[in-house]
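Enquirer: how does the following fold in three dimensions:
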Amino acid sequence: MSDPASEHMPEPASGEQRAPSTEPASGEQRAPSPEPPSGEQRAPSPEEVREALMMVVDPEIGLPIVELGLVYDIAVDADGDVQVTYTLTSMGCPVGPMIDGQINEILGMLPGVKSHKTTIVFQPPWTPEKMSDEAKAALGYL
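Expert: Below you'll find the model as predicted:
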């Protein structure tokens, strides 16, 4: 006795195989896709934001603000709202507005960032000990 569902399906040609069905079996649910719906970006991780901020260079020192230890905190929520808390090497740093502009420019170009805000703080004060080993070596601290 033949299966009624197969009566309407043509037989595969010799050597040809039917592709398995991509439809879930009755009662089966597909796992949600890890990718966001089409047209939407997932929020970047704090590590991805930190990596992007490596492009922000202190123009007086010539090193990335991340390597200088100027970035104190990066917060990213699930919606893609990013908050960067950073400092400067001194309160009277004349390039502060330029650095803030660079940070905001980079955050504005980063995929998945819905909004961004920067906050400059001077507590705790920056010290050379906050620099990466690479920055310390470049500036003669090692």
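Enquirer: give me the nearest residue to the spatially most central residue of the chain, chain neighbours excluded.
Expert: The C-alpha lying nearest the average C-alpha coordinate of the chain belongs to Pro44 (CA atoms, centre = their mean; 2.7 Å). Distances taken as CB to CB, 6 or more residues apart in numbering place Gly112 nearest to Pro44, at 4.8 Å, with adjacent residues excluded. (Each C-beta comes from the backbone N, C-alpha and C, glycine too.)
Enquirer: three-state assignment of that neighbour?
Expert: Three-state call for Gly112 (DSSP: H, G, I helix; E, B strand; the rest coil): coil.
Enquirer: next one: the residue nearest to the centre of the chain relative to Thr87, how far apart?
Expert: 22 Å (CB to CB, to the nearest Å).
Enquirer: ditto for Leu110
Expert: For Leu110 relative to Thr87 (CB to CB), the value is 21 Å.
Enquirer: neighbour count winner among the two?
Expert: Thr87 (23 against 20; other CB atoms under 10 Å).
Enquirer: surely the more buried one is in contact with Trp126?
Expert: Yes. Counting by CB atoms under 8 Å, Thr87 does reach Trp126; the two are 4.9 Å apart.
Enquirer: list the residues that contact both of these two?
Expert: Leu70 (CB atoms under 8 Å, 6 or more residues apart in numbering).
Enquirer: so what's Asp81 up against?
Expert: Taking CB under 8 Å, 6+ apart, one finds 43, 114-117 in contact with Asp81.
Enquirer: of those - the most surrounded one?
Expert: Ala43 (20 neighbours).
Enquirer: ok, it touching Gly112?
Expert: Yes. The criterion here is CB under 8 Å, and Ala43 meets it with Gly112 at 4.9 Å.
Enquirer: so what sits against both of these two?
Expert: With CB under 8 Å, 6+ apart as the test, Ala43 and Gly112 both reach Gly80.
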